[in-house]
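Enquirer: What would the 3D arrangement of this be:
(chains A and B)
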Amino acid sequence: MPDPYRKQLDKYAEALSIAHNDEVVGDLKSGNTADMLKMFTDGNLDKRFNKVKDQVEFVAEFFDEEEFEEQVVTYVKTLPLLAYDTGISDGERFLDWLPSQLELSEEQKDAIRCQQARHKIEDVARENRLAHVSFQGQLTVAEKLAEDFGEDDKLQIQVNPICVRTTFKTTALLGDDAEVPAIVQFYPVKNDIRTALLEDDGLELIDVLHESGPTTLDNLQAAMTFKMSRDELMELCLELVEIKLATIR
Amino acid sequence: MLPTIGYALREQNRPILTDPAINGCEITFERADDPLRVEKYLQDLNFDHVSIHALKLSVASADPPGEKNMKALKEIADENGADSISDHLGFTRNAHEGVEMGHFAPPPYTQDALEATVRNLDVVQNYFGDRRFYLENVAYLFEFAGEMNEQEFLTETLKRSGSGWLLDVTNVYANSVNFGYDAYEFIKGVMPHADAVQMHLAGGVYDEKVKEYIDSHSHPIPDDVFDLYRFALELSKGKVSAVFIERDQEFPDEAGWRSEAKQVRDIMEEVYAVSA
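Expert: The predicted structure follows:
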């Protein structure tokens, strides 16, 4: 059975998180008014509205501005913010909820997929912050080491540990010449999130590197199912290094 | 030795943090908690005292803060060589699997709330170990019905938990204006029960429409708050580690940032010189 204090806070937090102030006003200290409570909840809802809007700003560009804002208002007034909201978690939840409210075009769905992938990058980095910092540090010497990659047997290639992949089904975010569906690789360079469109061999290379951890060119060649010469594989590796999706150590 | 003086770090004041009047810094955890950041939040700045200020430990909730949440805080503290950690005497969520209100509210000042708060503070202080934890008195817009007043609740919490007190002087001032109590008596009553103290200073605005002083961190520190600060310093000599100025809106120019820090330091030097 829940303890009385827990029950009391359940009532307060659940009501105030979505401004159902009538449920709480009777519990205020004598002399406190409904207007005082309203100042609290209005301020909180305004802040949450602005925060969610900022977090999904990119997606908003694919919608009618007024209609999109109405959806954000409905969202913050009906779905309480979850405990331990961090970073972009509320915006992410809004994007999960939005398709239940509107019939979305394929372009709008792509915009949502893109924003979700960017959010996911932050989630993965949060869980693996040390790996992210260490990899970004290693990038500073990658260009120099890359000159000897393939010749110096001790050098290893390492993939960016913070990688997220999604599939775009339209050309809206890719340009008219792109072939769709297209698998898009998201990854951070410092605190900037970049994207890469890779062929099947590049995608496999990333998967193999994630599986193996840092590895030499020879070991990598043995692990790949895509058959290519050592020189071709080296060239592919160096392309990933050049766009900072991989580094040499 | 004088307590350190500093600002709550914002990008707008970062360029003046090497001012000679400033030797401390407060990092707001939620601002520093950027998972993609590669450099430490302080970058190349160095201070005599660094504190990490959190907004969502929610120590008056029914459950103690989750370990994941505290771990993230500790990582920022480690990365920036922090000496202390602080958060507010309030609740932002009900419990672990519950909901957030978006901002902290004061708990109902009851025995049940006191028990939960003291238990949660034990968890928090054990987790952060040697880093001293400071509990901030909040500015509130309303109060729940309870069994004691804010001063009694805060005093009992400090006595039983052993937590330091982050005395937000402006919050005491705001509550005294809005709820009609004597700010000096409030501080005088609580201070003997705090064995370690930090202070916050900020400037808000009196909203004529709602007849409330709003702790908006948007204006220079008012004279009434400076007077209260002087009084609090006189009462707390020997146990204050740091004083931090908060500003979140309507940012001043460079001279404004520097002169406010200097004013805070001048008062401190006067108070400590008299005692010497």
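Enquirer: For the host helix or strand of B:Ala77, list every residue counted as buried.
Expert: Secondary structure from DSSP states H and E places B:Ala77 in helix B:67-79. For helix B:67-79, the neighbour count (16 or more other CB atoms under 10 Å in any protein chain shown) marks B:Asn69, B:Met70, B:Ala72, B:Leu73, B:Lys74, B:Ile76, B:Ala77, B:Glu79 as buried. Using the backbone N, CA and C atoms, a C-beta is placed for each residue, glycine as well.
Enquirer: Please work out the average pLDDT along it.
Expert: When pLDDT is averaged along helix B:67-79, the result is 94.
Enquirer: hang on, the earlier thing: which two among the buried residues of helix B:67-79 are spaced furthest apart?
Expert: With CB to CB as the measure, no two of the buried residues of helix B:67-79 lie farther apart than B:Asn69 and B:Glu79, at 16.3 Å.
Enquirer: Say whether chain A is contacted by stretch B:93-109.
Expert: Yes - interface with chain A: stretch B:93-109 contributes B:93-103, B:105, B:107-108 (CB under 8 Å from any CB of the partner chain).
Enquirer: Out of those, list just those in strands.
Expert: Judged by DSSP state E, those include B:Arg93, B:Val99, B:Glu100, B:Met101, B:Gly102, B:His103, B:Ala105 as members of strands.
Enquirer: coming back round to it: report the buried members of the residues of stretch B:93-109 next to chain A.
Expert: Buried, going by 16+ other CB under 10 Å: B:Arg93, B:Asn94, B:Ala95, B:Gly98, B:Val99, B:Glu100, B:Met101, B:Gly102, B:His103, B:Ala105, B:Pro107, B:Pro108, out of the residues of stretch B:93-109 next to chain A.
Enquirer: I'd say the fourth one and A:Lys11 touch.
Expert: No - no contact is recorded between B:Gly98 and A:Lys11 when judged using CB atoms under 8 Å, the distance being 11.1 Å.
Enquirer: Quick check: next helix or strand after the worst-scoring helix or strand of chain A on mean pLDDT?
Expert: Least confident helix or strand, chain A: helix A:217-223 with a mean of 91, by mean pLDDT, DSSP states H and E. Sequence order places helix A:230-242 as the next helix or strand after helix A:217-223, per DSSP H and E.
Enquirer: returning to that earlier point: switch the residues of stretch B:93-109 next to chain A over to JSON lines; also include distance to B:Asn46.
Expert: Shown next, in JSON lines, are the residues of stretch B:93-109 next to chain A (distance: CB to CB, whole Å):
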{"residue": "B:Arg93", "distance to B:Asn46": "35"}
{"residue": "B:Asn94", "distance to B:Asn46": "40"}
{"residue": "B:Ala95", "distance to B:Asn46": "40"}
{"residue": "B:His96", "distance to B:Asn46": "38"}
{"residue": "B:Glu97", "distance to B:Asn46": "41"}
{"residue": "B:Gly98", "distance to B:Asn46": "40"}
{"residue": "B:Val99", "distance to B:Asn46": "40"}
{"residue": "B:Glu100", "distance to B:Asn46": "35"}
{"residue": "B:Met101", "distance to B:Asn46": "37"}
{"residue": "B:Gly102", "distance to B:Asn46": "35"}
{"residue": "B:His103", "distance to B:Asn46": "33"}
{"residue": "B:Ala105", "distance to B:Asn46": "37"}
{"residue": "B:Pro107", "distance to B:Asn46": "38"}
{"residue": "B:Pro108", "distance to B:Asn46": "43"}
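Enquirer: Throw those into JSON lines and include pLDDT and distance to A:Gly202, thanks.
Expert: Listed next are these as JSON lines, based on pLDDT from 0 to 100; distance: CB to CB, whole Å:
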{"residue": "B:Arg93", "pLDDT": "96", "distance to A:Gly202": "44"}
{"residue": "B:Asn94", "pLDDT": "94", "distance to A:Gly202": "48"}
{"residue": "B:Ala95", "pLDDT": "90", "distance to A:Gly202": "47"}
{"residue": "B:His96", "pLDDT": "88", "distance to A:Gly202": "43"}
{"residue": "B:Glu97", "pLDDT": "86", "distance to A:Gly202": "42"}
{"residue": "B:Gly98", "pLDDT": "92", "distance to A:Gly202": "44"}
{"residue": "B:Val99", "pLDDT": "96", "distance to A:Gly202": "43"}
{"residue": "B:Glu100", "pLDDT": "95", "distance to A:Gly202": "41"}
{"residue": "B:Met101", "pLDDT": "96", "distance to A:Gly202": "47"}
{"residue": "B:Gly102", "pLDDT": "92", "distance to A:Gly202": "43"}
{"residue": "B:His103", "pLDDT": "93", "distance to A:Gly202": "47"}
{"residue": "B:Ala105", "pLDDT": "97", "distance to A:Gly202": "52"}
{"residue": "B:Pro107", "pLDDT": "98", "distance to A:Gly202": "55"}
{"residue": "B:Pro108", "pLDDT": "98", "distance to A:Gly202": "59"}
